[in-house]
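Undergrad: pasting the sequence and the predicted coordinates here, then a few questions.
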Protein chains: 2
Amino acid sequence: MKIDRTVVKALPLFDRMSDEDLDKLLGHAAARRVPQGESVFEQGQPAVSFYLLLHGRLKVTQVTEDGQQIIVRVVHPGDLFGFAKALQRTDYPGTAIAAAESLTLGWPTDLWPSFVEHNPRLAVTAMQTIGQRLEEAHTRIREMSTQEVERRVAHVVLRLARKAGRKEEGGIRIDFPISRQDIAEMTGTTLHTVSRILSAWEGLGLVEGGRQKLLVRNIPGLSELAEGLKDHS
Amino acid sequence: MKIDRTVVKALPLFDRMSDEDLDKLLGHAAARRVPQGESVFEQGQPAVSFYLLLHGRLKVTQVTEDGQQIIVRVVHPGDLFGFAKALQRTDYPGTAIAAAESLTLGWPTDLWPSFVEHNPRLAVTAMQTIGQRLEEAHTRIREMSTQEVERRVAHVVLRLARKAGRKEEGGIRIDFPISRQDIAEMTGTTLHTVSRILSAWEGLGLVEGGRQKLLVRNIPGLSELAEGLKDHS
DNA sequence: CGATCAGTTGAAAACAATCAATGCCGGTGG
DNA sequence: CCACCGGCATTGATTGTTTTCAACTGATCG
């Protein structure tokens, strides 16, 4: 499929690339529409491609030997993902599932080295991206080590509102279908506990729930909770 | 201080580098002896250098706004650490403290780009290292999300035995001073809980404790616990 | 329109944190 | 050389959060 240059030109990752180089890059790319619920790649498969998310939303999950699932991260439009090969891995460490209908751009991993060579900026950006991801992971570890569940859920919801929020009358809508189970898998708890917490918040007017829906009504209030300032009666 | 080439030649990071290049690299390096309890750098300080640990053992810690501490990772001999600048950070995200008397080699961060340019292998290795670290972080997140404290402690102890174990009559000695508090900060629990767990294990003949000491007597037994196979009466 | 999936909510149980007291080891200084 | 002090560790009792178990409701989709 032929991709228009202007689609990706807007992304920070490519904004300094010449039209010429960009066209060459896109010549090798394969665009793919991923319906909700389908996966781009699965945990353990050989890493044959790396990807860019153009539109939609993906959840990257891992399953433990004993069958428990966690959500490693959420992929937002403009994010690179699945570049296991750049980290010297031969297989994908997780599964990428479309939480909403998505559009991805994929390149064969073999091309990674030549890309980087022709485009040093890409290498720097990739490095930076991984660095950010490492920091995010450490943040999560810190939160899981030191904070009780409610604060962790508050942090996750705020993060989602920031990265996937769409303004709406009455608050900020999380712009893709997300279940209590998903939030539980992001915070290391159970859907029951998440449900209880969200119900309580709804009672306080902080959020408004719904089946796979979430509307954040009061960001400052949630932030207070997240920072642990709330006098926890 | 002048460093002998043979000291670092043994490390995988440098084993394919020419003597010439290596000498040039070491010409810019500053060796430093770090007594137990002292820090190489502290959280929040501007990242002026990146380092290689030649000897000893370091704990990298982070302190949360509300004063709680966690151990992000343990640095073993041969590990690169403190290369925040490579990840586009201007300051160190954590504090590196010598758990035992240590010897470090430091380079100004400004030199990183030219190093990488003259030595592409270093870039690849660095990328790989960060990739590994990201995976470790995810492993930790997975464990904290899905496993109870005892299994997490078992995993940490096994990891320590693998990375910092010295064979000894009767078992594997963790080869640097480590307190219950440290283990608590690595597993996201309290020193009380760790103490109880280790006491129980000592009763089962799995380990042998002591003030800042740990001897692992039964690796397979601990592994069973770590994998959750143990019938948890 | 029935089946399935997401969510809610109560009750009980389990796990780990907190509170509290005490013991022990190792080093320092009298 | 001994006594004391401080940091590390142990252990019991209690509290509280979160999980687990279980039952049920309501929405959505074929």
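TA: Arrived safely, thanks for sending.
Undergrad: and the pLDDT at the residue positioned nearest the centre of chain A?
TA: With distances taken as C-alpha atoms, centre = their mean, A:V74 lies nearest the centre of chain A, 1.9 Å away. For A:V74, the model assigns a pLDDT of 97.
Undergrad: in chain A, which spans are helices?
TA: For chain A, the helices defined by DSSP state H occupy A:5-9, A:19-27, A:112-118, A:120-146, A:149-164, A:180-187, A:191-204, A:219-227.
Undergrad: how about JSON lines for those, with mean pLDDT added?
TA: JSON lines is the format used below for the helices of chain A (pLDDT from 0 to 100):
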{"stretch": "helix A:5-9", "mean pLDDT": "81"}
{"stretch": "helix A:19-27", "mean pLDDT": "85"}
{"stretch": "helix A:112-118", "mean pLDDT": "79"}
{"stretch": "helix A:120-146", "mean pLDDT": "89"}
{"stretch": "helix A:149-164", "mean pLDDT": "98"}
{"stretch": "helix A:180-187", "mean pLDDT": "98"}
{"stretch": "helix A:191-204", "mean pLDDT": "98"}
{"stretch": "helix A:219-227", "mean pLDDT": "96"}
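Undergrad: quick revisit: surely the residue nearest to the centre of chain A touches A:L53?
TA: No. A:V74 lies out of contact with A:L53 (C-beta atoms under 8 Å); the separation is 10.2 Å. All C-beta spots, glycine's among them, are computed from the backbone N, C-alpha and C.
Undergrad: near the closest residue in space to A:D19 that isn't next to it in sequence, how many other residues are there?
TA: Nearest in space to A:D19, with sequence neighbours left out and distances taken as C-beta to C-beta, 6 or more residues apart in numbering or on different chains, is A:R5 at 6.3 Å. Residues within reach of A:R5, counting by other C-beta atoms under 10 Å in any protein chain shown, total 14.
Undergrad: tell me how far A:R5 lies from DNA strand D.
TA: If you measure A:R5 against DNA strand D using C-beta to the nearest atom of the strand, to the nearest Å, the figure is 36 Å.
Undergrad: residue ranges of each domain in chain A, please.
TA: The domain map for chain A lists A:5-143, A:148-227, with the assignment taken from automatic domain parsing.
Undergrad: for B:E143, find the nearest of the ones you listed.
TA: domain A:5-143 (8.8 Å; C-beta to C-beta).
Undergrad: between the two ends of the closest one, how far is it?
TA: Length of domain A:5-143, first residue to last, C-alpha to C-alpha, to the nearest Å: 40 Å.
Undergrad: same question, stretch A:115-123
TA: For stretch A:115-123, the first and last residues are 8 Å from each other (C-alpha to C-alpha).
Undergrad: one more: stretch A:29-43?
TA: Stretch A:29-43 has its terminal residues 22 Å apart, counting by C-alpha to C-alpha.
Undergrad: which other residues reach that stretch?
TA: Under the criterion C-beta atoms under 8 Å, 6 or more residues apart in numbering or on different chains, residues A:1, A:3, A:47, A:49, A:51, A:54, A:56, A:58, A:61-63, A:81-82, A:92-107, A:177 lie in contact with stretch A:29-43.
Undergrad: start and end of stretch A:4-13, how far apart?
TA: Distance between the two ends of stretch A:4-13: 16 Å, counting by C-alpha to C-alpha.
Undergrad: mind listing what's buried along it?
TA: Neighbour-count burial for stretch A:4-13, counted by 16 or more other C-beta atoms under 10 Å in any protein chain shown, picks out A:8, A:13.
Undergrad: and if you look at stretch A:92-103?
TA: Residues of stretch A:92-103 classed as buried by neighbour count (16+ other C-beta under 10 Å): A:92-100, A:102-103.
Undergrad: and for stretch A:122-136?
TA: Using 16+ other C-beta under 10 Å as the test for burial, stretch A:122-136 gives A:122-123, A:125-127, A:129-131, A:133-134.
Undergrad: that stretch near chain B at all?
TA: Yes. Legend: contact between stretch A:122-136 and chain B by C-beta under 8 Å from any C-beta of the partner chain is shown at A:123-124, A:127-128, A:130-135.
Undergrad: with stretch A:188-203 instead?
TA: Yes. Applying C-beta under 8 Å from any C-beta, one finds stretch A:188-203 touching chain B at A:G188.
Undergrad: which residues are contacting that stretch?
TA: Under the criterion C-beta under 8 Å, 6+ apart, residues A:70, A:144, A:149-150, A:152-153, A:179-181, A:183-184, A:187, A:207-209, A:214, A:222, B:141, B:144-146 lie in contact with stretch A:188-203.
Undergrad: output the residues of stretch A:122-136 next to chain B as JSON lines; include the columns distance to A:E168.
TA: Output for the residues of stretch A:122-136 next to chain B, formatted as JSON lines (distance: C-beta to C-beta, whole Å):
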{"residue": "A:A123", "distance to A:E168": "39"}
{"residue": "A:V124", "distance to A:E168": "37"}
{"residue": "A:M127", "distance to A:E168": "36"}
{"residue": "A:Q128", "distance to A:E168": "32"}
{"residue": "A:I130", "distance to A:E168": "34"}
{"residue": "A:G131", "distance to A:E168": "33"}
{"residue": "A:Q132", "distance to A:E168": "28"}
{"residue": "A:R133", "distance to A:E168": "29"}
{"residue": "A:L134", "distance to A:E168": "33"}
{"residue": "A:E135", "distance to A:E168": "30"}
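Undergrad: between those, which is nearest B:R16?
TA: Nearest member of those to B:R16, counting by C-beta to C-beta, is A:A123, at 20.3 Å.
Undergrad: count the neighbours of A:T189 for me.
TA: 19.
Undergrad: A:G94 reaches A:T61, doesn't it?
TA: Yes. Using C-beta under 8 Å as the test, A:G94 is close enough to A:T61 to be in contact (5.9 Å).
Undergrad: buried set for stretch A:99-117?
TA: Buried residues in stretch A:99-117, defined by neighbour count with 16+ other C-beta under 10 Å: A:99-100, A:102-107, A:109, A:112, A:115-116.
Undergrad: can you tell me the distance between the two ends of it?
TA: Terminal residues of stretch A:99-117 lie 34 Å apart, using C-alpha to C-alpha.
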